[in-house]
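Asker: Fold the following for me, if possible:
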Amino acid sequence: MTIFGISLGRKCRRIVQFRQIYGQESVKQTLIKSVDEARVPHAVMLCGAQGTGKLALAIAYAQYLNCSNRQNGDSCGVCPSCVKFNKLIHPDLHFVFPITRSSNSVVCDNYLADWRAMVNETPYFTVDQWLQKISSDNKQGMIYENESDMIIKKLGQKSFEAEYKTMIIWLPEKMNEVCANKILKVLEEPMGKTLFVLVSENADRLLATIISRVQQIFVPPLSDTDMEQALKERYSMSEEECREVAHIANGNLIAADDIVRTSDEKREYFDLFVEVMRASYSRNAKRMKEWTEEMHRLGRKRQLSFLAYAQRMIRENFIYNVKNRELNYMTRFEEDFSVKFSPFVKESNIFGLLSELESAERHIEQNVNAKLVFFDLSLKLIMLLKQ
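Answerer: Predicted coordinates for the structure are as follows:
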């Protein structure tokens, strides 16, 4: 893979200790202090945006809590407990996460081998990336009702080895309502020496009764400095390239990985964006038709990715036009184009431009004929860009 013309390869490393997690020093100290001062809550929720390290923090917290030889504010990494946590196979460490299922008997444990492999490669990933690993279809992931029975059963047993049983629920907002309601009692009154760690990206979607039962800890976006350090460790990139990617990713390490991994694809979307904007502005019907044919050949998934990219570019150009450059998150080639294009994205048409792109996105999701959708979009852009 390449970015800015340089060949890259990510350097993967297993993350199970606090010192291996990028940034988040304040959150780490809060978690460490709760253990050192013997004030471990029965339920914690790490909440915040994607790509900030919440899952890594949850695992490191559980390992630190059960380490038999804690040193300098971290787990030792070599005691029998740490060795098993390192492989995510400790019998008192349990995970719940969104899944797809073919029958009512399928639970998270059916996907545990895949989960361990994914987390051991990197704990920084999205729910879509996880679901793509375990499912070839487009089903939405969910934490189903029968998962609550498994949670209650596991936590009703005595610990096998550790001082604390730990239940990490990744994306609890994906629990269906029946599942969420069934775990309320065990969440509020678990057996002694039980720790729940909820890892949430959308805490406002949880039941108020769940939120009231947990201690919330906000995990902020990574600072640019921490992001640059992470990129230096993960990729063979110059300091300038690290700064540019860190700025665009805006505190989200998953987004930074995506920028590096899909830079060629993003350049293709950029070229398609430039082509349709120029063709529509010049009212060049031949070029608009050729662009429509090219979009049709992309396939539904990439068509949707392009439309999401186009909406981002419209927003970025509006921000660029109103001179809020510090809020811009564009690559150099995107910004070079925006110098001349941004004056055409203004208050009089930005909502119309975004509305038409969102409408096209809905139609593609509904399997409307792509040629009709994209040619109609290019026609509507003519009037909007001429305003």
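
Asker: out of everything not next to it in sequence, what's closest to Arg243?
Answerer: Using CB to CB, 6 or more residues apart in numbering and skipping the chain neighbours, the partner closest in space to Arg243 is Glu228 (6.0 Å). Bear in mind the C-beta positions are built from the backbone N, C-alpha and C, glycine included.

Asker: Go ahead and confirm the one you found touches Glu244.
Answerer: No. Checked against CB atoms under 8 Å, the pair Glu228 and Glu244 is beyond contact range at 9.8 Å.

Asker: circling back: pull the CA atoms of the helix or strand containing the residue nearest to Arg243 into CSV?
Answerer: Glu228 is part of helix 224-234, with elements assigned from DSSP states H and E. C-alpha atoms of helix 224-234 as CSV (Å, rounded to 0.1, in the frame of the first residue of the first chain):
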residue,chain,number,x,y,z
ASP,A,224,-1.9,15.3,17.8
THR,A,225,1.3,14.5,19.6
ASP,A,226,0.1,11.1,20.8
MET,A,227,-1.3,10.4,17.3
GLU,A,228,2.0,11.3,15.6
GLN,A,229,3.9,9.0,18.0
ALA,A,230,1.4,6.1,17.3
LEU,A,231,1.9,6.6,13.5
LYS,A,232,5.7,6.6,13.8
GLU,A,233,5.5,3.3,15.7
ARG,A,234,3.0,1.7,13.3
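
Asker: Mind giving me the packing neighbours of the next helix or strand after that helix?
Answerer: Scanning forward in sequence from helix 224-234 by DSSP H and E, the next helix or strand is helix 239-249. In terms of contacts (3 or more CB pairs under 8 Å, 6 or more residues apart in numbering; DSSP states H and E), helix 239-249 is packed against helix 224-234, helix 253-261.

Asker: could you give the angle of helix 239-249 to helix 253-261?
Answerer: Comparing the axes of helix 239-249 and helix 253-261 via axes from the mean of the first three to the mean of the last three CA atoms, to 10 degrees yields an angle of 130 degrees.

Asker: okay, now the nearest residue to Gly156 once chain neighbours are set aside: neighbour count?
Answerer: Counting by CB to CB, 6+ apart, the nearest residue to Gly156 once its immediate chain neighbours are dropped is Met191, at 6.8 Å. By the criterion of other CB atoms under 10 Å, Met191 has 13 neighbours.

Asker: Look up how far Val345 lies from Met191.
Answerer: Distance of Met191 to Val345, given as CB to CB, to the nearest Å: 58 Å.

Asker: ok, the residue nearest to Gly156 touching Lys154?
Answerer: No. Using CB under 8 Å, Met191 is not in contact with Lys154, being 10.5 Å away.

Asker: what do the two both touch?
Answerer: Common contacts of Met191 and Lys154 (CB atoms under 8 Å, 6 or more residues apart in numbering): Lys165.

Asker: what about the residue nearest to Gly156, which helix or strand?
Answerer: Going by DSSP H and E, Met191 is not part of any helix or strand.

Asker: ok, now which ones touch it?
Answerer: Counted by CB under 8 Å, 6+ apart, Met191 has contacts Leu155, Gly156, Lys165.

Asker: Closest to Ser68 out of these?
Answerer: When the contacts of Met191 are compared for distance to Ser68 (CB to CB), Lys165 wins out at 16.2 Å.

Asker: how close does that closest one get to Asp74?
Answerer: Here Lys165 is placed at a distance of 21 Å from Asp74 (CB to CB).

Asker: Equivalent analysis for Ala310, please.
Answerer: Using CB to CB, Ala310 is found at 45 Å from Asp74.

Asker: Ok, Ile248 next?
Answerer: According to CB to CB, Ile248 and Asp74 sit 31 Å apart.

Asker: Hmm, Lys380 is touching Leu357, no?
Answerer: No. The pair Lys380 and Leu357 does not pass the contact test of CB under 8 Å, sitting 9.7 Å apart.

Asker: And the two? Which one has more around it.
Answerer: Leu357 (21 against 18).

Asker: so where's this structure shaky on pLDDT?
Answerer: 1-15, 102-103, 136-138, 262-264, 324-329 (pLDDT under 70).

Asker: ranges for the strands of it?
Answerer: Assigned by DSSP state E, the chain shows strands spanning 2-3, 6-7, 43-47, 93-96, 165-170, 194-200, 215-218.

Asker: Take those and write them to CSV, including mean neighbour count.
Answerer: Listed next are the strands of the chain as CSV, based on neighbours: other CB atoms under 10 Å:
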stretch, mean neighbour count
strand 2-3, 16
strand 6-7, 11
strand 43-47, 23
strand 93-96, 22
strand 165-170, 24
strand 194-200, 25
strand 215-218, 15
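
Asker: Number of residues surrounding His363?
Answerer: As a burial measure, His363 scores 18 neighbours (other CB under 10 Å).

Asker: List the contacts of the nearest residue to it once chain neighbours are set aside.
Answerer: Excluding the flanking residues, the one nearest His363 by CB to CB, 6+ apart is Val373, at 4.7 Å. Residues near Val373 by CB under 8 Å, 6+ apart: Ala360, His363, Ile364.
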